[in-house]
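Student: I would like to see how this sequence folds:
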Amino acid sequence: MRMEALAQRDLVTIAAVADPVPELVDAALAIAPAAQPGHDLADLLALDLDGVVIATPSALHAAQSLQALEHGLAVFCQKPLGRTAAENQQVIAAAQAHDRLLGVDLSYRYISGMDTLRQLILSGELGQIYAADLTFHNAYGPDKPWFYDPQLAGGGCVIDLGIHLVDLALWMLDFPAVEHVTSRLFAGGQPLQTMQDRVEDYAAALIDLANGTSLRLACSWHLPAGCDAVIEAAFYGSQGGAALRNVNGSFYDFTVERFQGTARQLLSSPPDDWGGRALEAWAARLAHSACFDPAIEHLVHVAETLDAMYQRV
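Tutor: As a prediction, this is how the structure comes out:
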């Protein structure tokens with residue numbers, strides 16, 4: 001999906017693709033037939049490239065991003081950039097040291113209407129935002145075994161789905177400090193005490209922010225939700241509210257609405273081809289400058305919040 005979105009835009013040339021699975025290389029070449037095929041990241045680093053897109057299992061993200069940055073390439077990485085805040089900090093520090101553009105695929109920021117919703121909040125039109133309800137239930141769960149391995153994934157539904165919710169909330173509110181985090185993790189319906197051999201498939205958290213906002217977060221895999229997915233980021237202020245919500249259980253279709261008492265105003269609705277916009281935005285920046293963008297440093301605050309949910313701090 002990401003590669004197709006990029007191929008349709010006249011921003012960059014997809015010069016090479018690499019994957020250890022030949023069938024996936026063939027699928028990529030069907031989208032970018034002029035690209036040079038390769039087996040791994042080393043094959044890409046041997047070429048004269050400006051940037052690389054990393055879409056590998058989570059345990060590889062930080063190390064591969066570091067390799068590419070140290071080689072002088074700009075990097076766009078699937079989330080999470082690192083399994084912990086420390087890994088995130090290491091990669092961001094390398095991007096700054098080498099003055100290379102670094103992007104992460106936090107794609108829900110780019111759904112139509114989200115910029116409008118953010119401006120409503122930051123302008124004060126909704127008053128003081130005192131609460132937000134953040135939900136992401138995936139009734140299927142990942143289909144690749146590595147997602148369920150604590151060492152390879154760094155966690156379960158929190159690092160897979162909750163990262164989007166935490167990022168959206170902090171971004172919407174202009175990244176206030178996180179003061180306190182309380183969380184409960186479950187696996188198979190039982191409280192999860194450690195992640196030595198399994199990851200959480202349900203998580204609930206309360207996150208208190210320095211600006212007075214209280215975030216209530218819930219995310220899961222395999223929940224009997226009665227539909228494919230339940231996704232919501234709702235913000236409630238002293239002068240009104242607004243929310244992103246998925247439509248009829250869809251993973252891809254969303255509405256963005258503003259609330260005033262019992263009335264609602266539709267700000268955005270499907271169809272909306274938003275999936276590749278984060279990558280497109282990175283590519284557009286790269287076309288003008290490969291230099292480091294300090295905005296990526298906010299990702300450390302997101303990762304620190306996830307660490308607190310995992311009780312790593």
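Student: what's around Gln151, how many residues?
Tutor: 12 (other Cβ atoms under 10 Å). Every residue, glycine included, has its C-beta placed from N, CA and C.
Student: what about it, distance to Ala74?
Tutor: The spacing between Gln151 and Ala74, counted by Cβ to Cβ, to the nearest Å, is 28 Å.
Student: residue ranges for the strands of this structure, please.
Tutor: 16-18, 36-38, 51-54, 74-77, 102-104, 129-138, 178-187, 190-191, 202-209, 214-221, 229-237, 240-246, 254-260, 263-268 (DSSP state E).
Student: could you check the angle strand 240-246 makes with the last one?
Tutor: Read it as strand 263-268. Here strand 263-268 runs at an angle of 50 degrees relative to strand 240-246 (axes from the mean of the first three to the mean of the last three Cα atoms, to 10 degrees).
Student: CA-only coordinates of strand 263-268 in CSV, if you can.
Tutor: Provided in CSV are the C-alpha atoms of strand 263-268 (Å, rounded to 0.1, in the frame of the first residue of the first chain):
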residue,chain,number,x,y,z
ALA,A,263,-25.4,18.3,17.9
ARG,A,264,-22.6,17.0,15.6
GLN,A,265,-20.9,18.5,12.6
LEU,A,266,-19.2,16.2,10.0
LEU,A,267,-15.7,17.4,9.2
SER,A,268,-14.5,14.5,7.1
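Student: Given that strand, what are its sheet partners and their directions?
Tutor: The strands beside strand 263-268 in its sheet (DSSP bridges) come out as strand 254-260 (antiparallel).
Student: now swap in the third one and tell me
Tutor: Strand 51-54 has the following sheet partners, assigned by DSSP bridges: strand 74-77 (parallel).
Student: what is the residue nearest to Asp43 when sequence neighbours are not counted paired to in the beta sheet?
Tutor: Computed as Cβ to Cβ, 6 or more residues apart in numbering, the closest residue to Asp43 that is not its neighbour in sequence is Ala18, at 5.1 Å. Applying DSSP bridges to Ala18 gives these bridge partners: Gly38.
Student: likewise Ala187?
Tutor: Residues in beta-bridge contact with Ala187 (DSSP bridges): Gln190.
Student: List the contacts of it.
Tutor: 156, 198-202 (Cβ atoms under 8 Å, 6 or more residues apart in numbering).
Student: For the residues you listed, name the two members farthest from one another.
Tutor: Arg198 and Tyr202 (12.4 Å; Cβ to Cβ).
Student: Comparing those two, which shows the higher neighbour count?
Tutor: Tyr202 (22 against 14).
Student: I figured the more buried one hits Gly162, correct?
Tutor: No. In this structure Tyr202 lies outside contact range of Gly162 using Cβ atoms under 8 Å: 10.7 Å.
Student: Now do the shared contacts for those two.
Tutor: What both Tyr202 and Gly162 touch, as defined by Cβ under 8 Å, 6+ apart, is the set Cys219.
Student: buried sites along the helix or strand bottoming out on mean pLDDT in the chain?
Tutor: Lowest on mean pLDDT, DSSP states H and E among the helices and strands of the chain sits helix 2-7, with a mean of 89. Neighbour counts over helix 2-7 (16 or more other Cβ atoms under 10 Å) mark 2-3, 5-7 as buried.
Student: from those residues, which single one is nearest Leu41?
Tutor: Met3 (16.2 Å).
Student: residues touching the spatially most central residue of the chain, list them.
Tutor: The residue lying closest to the centre of the chain (Cα atoms, centre = their mean) is Leu106, at 3.0 Å. Contacts here follow Cβ under 8 Å, 6+ apart; on that basis Leu106 touches 79, 163-164, 167, 278.
Student: Would you mind putting those into CSV with distance to Glu125 and pLDDT alongside?
Tutor: As requested, the contacts of Leu106 are exported to CSV (distance: Cβ to Cβ, whole Å; pLDDT from 0 to 100):
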residue, distance to Glu125, pLDDT
Lys79, 30, 97
Ile163, 28, 98
His164, 24, 98
Asp167, 22, 98
Ala278, 26, 96
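Student: before we move on, the earlier item: so the residue nearest to Asp43 sits against Leu24, correct?
Tutor: No. When contacts are counted by Cβ under 8 Å, Ala18 is not listed as touching Leu24 (9.6 Å).
Student: More neighbours: the two, which one.
Tutor: Neighbour totals were compared for Ala18 and Leu24, and Ala18 leads with 21 against 12 (other Cβ under 10 Å).
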